[in-house]
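1. Next input, structure requested:
(chains A and B)
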There are 2 protein chains.
Amino acid sequence: MSTTIEHSPADTAARIEAAGRAGRAAAKRLAVLTRADKDAALGALADALLAATDRIVAANDTDLQRGRESGMAEGLQDRLRLTPERVAAIADALRQLAALPDPVGDVVRGSTLANGLQLRQVRVPMGVVGMIYESRPNVTVDAAGLGLKSGNAMILRGGSAAAETNRVIVDVLRKALVEQGIPADAVQLLDGGHEDVDALITARGLVDLVIPRGSDRLIQAVVQGATVPVIETGVGNCHVYIDAAADPQRAVAIALNSKTHRPSVCNAAESLLVHRDVADAVLPALYDALTAAHVELHTDERASALAESGGTPYTPATDEDFATEYLDLQLSVAVVDDLDAAIAHIDRYGSGHTEVIVTEDRGAARRFVAEVDAAVVAVNASSRFTDGGEFGFGAEIGISTQKLHARGPMGLQELTSTKWIVEGDGQIRR
Amino acid sequence: MSTTIEHSPADTAARIEAAGRAGRAAAKRLAVLTRADKDAALGALADALLAATDRIVAANDTDLQRGRESGMAEGLQDRLRLTPERVAAIADALRQLAALPDPVGDVVRGSTLANGLQLRQVRVPMGVVGMIYESRPNVTVDAAGLGLKSGNAMILRGGSAAAETNRVIVDVLRKALVEQGIPADAVQLLDGGHEDVDALITARGLVDLVIPRGSDRLIQAVVQGATVPVIETGVGNCHVYIDAAADPQRAVAIALNSKTHRPSVCNAAESLLVHRDVADAVLPALYDALTAAHVELHTDERASALAESGGTPYTPATDEDFATEYLDLQLSVAVVDDLDAAIAHIDRYGSGHTEVIVTEDRGAARRFVAEVDAAVVAVNASSRFTDGGEFGFGAEIGISTQKLHARGPMGLQELTSTKWIVEGDGQIRR
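-> Numbering: from 1, shown residues only, chains lettered A, B, ... in the order given. Purely as a prediction, here's the structure:
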């Protein structure tokens, strides 16, 4: 349903190369902007979005109508929908970015060598960052704002369902940038088909980093096809493990919150592990709470027996259940023999996002924290705290589940690289 | 000339998967070793290598003989050659590693949130690291030692020309590890053909990071083929720019040292840029010094004119010359109009490794440092200082020329990831 005309492959390569070069040129300017320049520009972008609220909402209506006509699910429609209030919230997020410290120029490490050379490792922008995401138009603005504040030129490729909305938003942002004396190409939008994505993720030398954000399928397609460095985000098959030494009330509250506070996001719990010694004491109350919150349970044999005897509805869990990120009011439940079994289960099924232990036992907490391999390991806290906003980053471009460069919530700092500066007075190697 | 029998593709995949799983299991042990454990093991590895000197040198002789028979260049033979003295030096490097601080467990950042959650970002090992390199057997030991100290299981794939040497070295290391109670699979060696490399760099989920080290061709092949995260190392088309405000004596010394101190390595200068205002004052003396050091000059028009009038031998530089990492006693030379032209030249031809400015002008130094996009930017110092040892890292696994995760010399810290630890007392999201 795209309004874009068909492009030949050579055409696509040329367009992406042009976008990369334009981004590179803009990045040179962005890299030397002061924090004051960038914060003023963020304010101007927010003003421009507010002033264009009617245009943005009208474009969004067009996207929504096309979505309804093609049978888009109501949940997806809601993620796509922009109201004047939502536009105001998005603009406000840009102002909040202006209030955050600028990571560029931070000195990470430094020393003076025996020969008198002065070394500093300083944060610098990445350069040109590609962002591939689905149909949430707020991501367009967030990414543009995070890019500007961190001094990176952004090449955005949003979902086609939000094409009109994104086109108007980026048009507004680019005009506002130019009025601030910043090159429009600090924010570019790709509006071609999938061939644009393929060209973007293989544009080595032109694009310094690509961040995919969205479904597992999208992320895996980018990771498999990219030759540009990628940061993998998002899939969260998160566990809550209720240890033998758990406080039962805390256990119920944390498990319930982790599952039901916002089931559709990556930091929601998808699987519950309960130590066999406390299964009798904890599971009946937890089953009641979960069932009252309309959570469907997929239970292993021992967890099923307790559901059975308490009259709780359940379906027997398959191996597939334990491997599934439901993103929905569903939860897999297993009773485990001990901490080792819990860690082994997480090792097998976890996606390295967020893993929670509920325990009052220092030794168990210490082992869980040391041995579980995940971006975030939490003791006696909901999995829902894995979030850039909650962590105090003020903004987040995604949650990395890989180990290279950034792991966990990614804020402004994670959008930077570093540069070593060596200052001497004529030193040579002997 | 490999002595390895042919493997089928399915066989290769199964072998690499087995290696990945064995590495993963070993990594779990390595991750929880104390610094004391690791340092003791490093000492034991050094002792074992020394005790096996005769075996190692004999295996190396076999490789060298095979190399000579197949016409290996003398330079390559020298890189491959191990003598008892070289074995001792390699063993000593392991002891030096033991003296370095352990990055694992370092707290990078931390805070207490308003809700009482205590956050810490802590360094943890990467997990399983693949290393693909050419025929320098010291890299085998360095990589094993850096891996052990940083808690990573290493899967090594050295050049086939060093196959026998590497086989004996890894055999010695593995036996010594087991005597220290550390799993042998902390260090594994792949000895199949190129199909092993292909399987290793696509073993997502089993291998956390691959580091290629060697020729541009090797590195590009890995980067293009990998789906596992990669850190690109090495290619250095490094420039020395002699500014209008350069001290002429310093300029000559730094340019000469950058080019001739060790021409075969990536931090050697390959290209010289001279501001037109000082070309007459600096180039004649520098040409004399370079020519005396047997450096062949590839000069642009203005640099040629000065060579001509001084009777210095030269060949006119092509565009290709400016793009070439000679790794040899050759140097391209251009006279530039100003600092902007120098930065633009570096922007076009540089590989993002090390760029040097020689100047006494603070403003020029400041602009060069801010605007040149490279892992290391140096003022009034030789390019040869870009080195983990010189930077005080004590050891180096390569020099990253990419912006993600690590940029510049990579020491122990660059072989780690981080993990967020969240400690609460029952916090849930409201």
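2. Mind listing what's buried along the helix or strand encompassing A:Ile399?
-> Following DSSP states H and E, one finds A:Ile399 within strand A:398-400. Neighbour-count burial for strand A:398-400 flags A:398-400 (criterion: 16 or more other CB atoms under 10 Å in any protein chain shown). Using the backbone N, CA and C atoms, a C-beta is placed for each residue, glycine as well.
3. So A:Met418 lies in a strand, does it not?
-> Residue A:418: Thr, not Met. Yes: counting by DSSP: H, G, I helix; E, B strand; the rest coil, A:Thr418 is found in a strand.
4. Just give the nearest non-adjacent residue to it, would you?
-> Excluding its sequence neighbours, the residue lying closest to A:Thr418 (CB to CB, 6 or more residues apart in numbering or on different chains) is A:Gln121, at 5.0 Å.
5. That neighbour and B:Gly411: what is the separation?
-> A:Gln121 is 12 Å from B:Gly411, where distance means CB to CB, to the nearest Å.
6. who has more neighbours, the two?
-> Per other CB atoms under 10 Å in any protein chain shown, whichever of A:Gln121 and B:Gly411 has more neighbours is B:Gly411, with 22 against 19.
7. which phi and psi does A:Val32 have?
-> Dihedral angles of A:Val32 (phi, psi; degrees, to the nearest 10) stand at phi -110, psi 10.
8. Report how many residues lie close to it.
-> Per other CB under 10 Å, the neighbour tally for A:Val32 reads 13.
9. what about stretch A:324-336, how long is it end to end?
-> Here the two ends of stretch A:324-336 are set 19 Å apart, with distance taken as CA to CA, to the nearest Å.
10. now check that stretch, is it near chain B?
-> No: if you take CB under 8 Å from any CB of the partner chain as the test, stretch A:324-336 misses chain B, and the best it gets is 15.6 Å.
11. anything in the strand or helix carrying A:Asn257 near chain B?
-> Assessed by DSSP H and E, A:Asn257 sits inside helix A:248-260. Yes: residues of helix A:248-260 contacting chain B under CB under 8 Å from any CB: A:250, A:253-254, A:256-258.
12. tell me how far that helix is from the chain's mean position?
-> Remark: helix A:248-260 is offset 24 Å from the chain centroid, using CA atoms, centre = their mean, to the nearest Å.
13. One more: stretch A:71-88?
-> Taking CA atoms, centre = their mean, one finds stretch A:71-88 lying 19 Å from the centre of the chain it belongs to.
14. what comes up buried for that stretch?
-> By 16+ other CB under 10 Å, the buried positions in stretch A:71-88 come out as A:72, A:79-82, A:86-87.
15. Pairing partners for the residue nearest to A:Thr418 in the sheet, please.
-> Beta-bridge pairing for A:Gln121 (DSSP bridges): A:Arg109, A:Trp420.
16. that older thread, list the contacts of the helix or strand following the strand holding A:Ile399.
-> Next helix or strand after strand A:398-400 toward the C-terminus (DSSP H and E): strand A:408-410. The contact list for strand A:408-410 (CB atoms under 8 Å, 6 or more residues apart in numbering or on different chains) reads A:211, A:231, A:233, A:375-376, A:386-388, A:391, A:393, A:396-400, B:121, B:418-420.
17. strand partners of strand A:408-410, parallel vs antiparallel please.
-> So strand A:408-410, judged by DSSP bridges, has these partners: strand A:398-400 (antiparallel).
18. residues making contact with the strand it pairs with?
-> With CB under 8 Å, 6+ apart as the contact definition, strand A:398-400 has outside contacts at A:211, A:213, A:231-234, A:236, A:266-267, A:353, A:375, A:386-388, A:406-410, A:414.
19. Buried subset of these as a ChimeraX selection?
-> Of those, the buried ones go into a single ChimeraX selection, burial set by 16+ other CB under 10 Å:
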select /A:211,213,231,232,233,234,236,266,267,353,375,386,387,388,406,407,408,409,410,414
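20. mind listing which of the contacts of strand A:398-400 are in strands?
-> A:211, A:213, A:408-410 (DSSP state E).
21. neighbours around A:Pro101, how many?
-> 11.
22. and it, how far is that from chain B?
-> 13 Å (CB to the nearest CB, to the nearest Å).
23. so where does that residue fall, helix or strand?
-> Here A:Pro101 sits in a region with no helix or strand, counting by DSSP H and E.
24. Report the contact partners of it.
-> Neighbour list for A:Pro101: A:35, A:412 [criterion: CB under 8 Å, 6+ apart].
25. Recalculate using a threshold of 10 Å.
-> A:35, A:149, A:394, A:412-413 (CB atoms under 10 Å, 6 or more residues apart in numbering or on different chains).
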